[in-house]
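Enquirer: Have a look at this prediction, sequence included:
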Amino acid sequence: MEFFQIRNFEKYQHYKDRRPPWVKLYRDLWQDPNFFGTKSVQKLYIIGFFTLASETENRIPADTQWIQSRLGILEPPDFKALIKSGFIKGCSQRASKMLAKCSTDNEEHSIVYKEETETYKEETERDKAQPKIIPSDPCSEIFKIWQNYKPLLQHKKLSPEDRRHISSALELFQPGELITAIDRYAQILSDATGRYWLDNRWTIGEFVSRKGHKWITVFNSDNWQEQLLTNERRKKLAKEKQESAFWENLEASNG
């Protein structure tokens, strides 16, 4: 293995004939179970590899020290985990390269690698023909994420009933929406200020299925925190808003 490539890199790189200082980063990435299934440092490497691919024409040298130095990450990359994620593939040297200097009136000279045309077309067509990588067991991935939140009710294993409830929820919601709901539910249970009225500790199956998937919808709404405030807290916030508006109007009238 001599270099790495980002699969379907054209999705993240708009320009074909130059190297812009940016790449596309889609928000759907955060809802991709393959992305969520990797450790935090590997998530950082995946995003870092997007930028390295834009600098190297998607031929990232398989040099651990160079990659760490370029991205400024102390922990070395786990290449097996990165390849397993489906975003990155390892390649060997098959196409001949030639070093070329390109210059324009407004740009400095830069060194770029050019692949043989036929080899490039062959690899591009093969990438496009590859099926989309999807998690073999999304229910287990969601369950693992739940188990990582200690405030939540912990399970010895994923029961058939809980699996059925998660599978049913995934027919209506994106995996990222379930993960968001789980994360925010854990925030509520770990809050020690008494601001929220919700303190029920459900199993994962109960949480994702309760009242027609109500809690997945609530925790993905823009005002999810406001919906869960106690009446006392609501009254306090309303009073603070009134006082703030009073002083703002007074200041405006005096100004």
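Expert: Thanks, I have it. What you see is a predicted model; the values in this text were computed from it and never measured. Numbers count the residues shown, from 1 in each chain.
Enquirer: Do you know the pLDDT at the nearest residue to S221 once chain neighbours are set aside?
Expert: Nearest residue to S221, sequence neighbours excluded (C-beta to C-beta, 6 or more residues apart in numbering): Q227, at 7.0 Å. (Glycine included, C-beta is placed from N, CA and C.) Looking at Q227, its pLDDT stands at 88.
Enquirer: same thing with L152?
Expert: On the pLDDT scale, L152 gets 94.
Enquirer: list the contacts for it?
Expert: Going by C-beta atoms under 8 Å, 6 or more residues apart in numbering, L152 touches W146, I182, Y185, A186, L189, R201, I204.
Enquirer: rerun at 6 Å
Expert: W146, A186 (C-beta atoms under 6 Å, 6 or more residues apart in numbering).
Enquirer: what's the answer for T64, then?
Expert: Contacts for T64 were tallied using C-beta under 6 Å, 6+ apart; they are P76.
Enquirer: mind checking how far it is from L172?
Expert: 43 Å (C-beta to C-beta, to the nearest Å).
Enquirer: Likewise for F49?
Expert: 33 Å.
Enquirer: cool, I179 as well?
Expert: Counting by C-beta to C-beta, the separation of I179 from L172 is 15 Å.
Enquirer: Neighbour count: those two, which is higher?
Expert: I179 (19 against 13; other C-beta atoms under 10 Å).
Enquirer: which stretch of helix or strand covers that one?
Expert: Using DSSP states H and E, I179 maps to helix 175-190.
Enquirer: contacts for that helix?
Expert: By C-beta under 6 Å, 6+ apart, helix 175-190 touches 30-31, 33, 138, 142, 145-146, 149, 151-152, 196, 198, 216, 219-220.
Enquirer: Following element in sequence after it, please.
Expert: Next along from helix 175-190, by DSSP H and E: helix 204-219.
Enquirer: who does that following helix touch, helix- and strand-wise?
Expert: Counting by 3 or more C-beta pairs under 6 Å, 6 or more residues apart in numbering; DSSP states H and E, the packing neighbours recorded for helix 204-219 are helix 160-170, helix 175-190.
Enquirer: Just the CA atoms of that helix, as CSV, please.
Expert: Presented in CSV, the C-alpha positions along helix 204-219 are these (Å, rounded to 0.1, in the frame of the first residue of the first chain):
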residue,chain,number,x,y,z
ILE,A,204,-33.8,2.0,24.6
GLY,A,205,-36.8,0.2,23.1
GLU,A,206,-39.3,2.2,25.2
PHE,A,207,-37.5,5.4,24.4
VAL,A,208,-37.6,5.0,20.6
SER,A,209,-41.1,3.7,20.4
ARG,A,210,-43.0,5.4,23.3
LYS,A,211,-46.2,7.3,22.2
GLY,A,212,-45.6,6.8,18.5
HIS,A,213,-41.9,7.7,18.5
LYS,A,214,-42.8,11.0,20.3
TRP,A,215,-39.5,11.5,22.0
ILE,A,216,-37.4,11.2,18.8
THR,A,217,-39.5,14.0,17.4
VAL,A,218,-39.3,16.1,20.5
PHE,A,219,-35.5,15.8,20.9
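Enquirer: so how far is it off the chain centroid?
Expert: A distance of 22 Å separates the centroid of the chain from that of helix 204-219, by C-alpha atoms, centre = their mean, to the nearest Å.
Enquirer: If you count neighbours, what's buried in that helix?
Expert: Neighbour-count burial for helix 204-219, counted by 16 or more other C-beta atoms under 10 Å, picks out I204, G205, F207, V208, S209, H213, W215, I216, V218, F219.
Enquirer: Skip the chain neighbours and tell me the closest residue to the fifth one.
Expert: Just to be clear, that refers to S209. Spatial nearest neighbour of S209, chain neighbours left out: H165 (4.2 Å); criterion: C-beta to C-beta, 6+ apart.
Enquirer: The one you found contacts V208, doesn't it?
Expert: Yes: H165 is in contact with V208 according to C-beta atoms under 6 Å; the separation is 5.4 Å.
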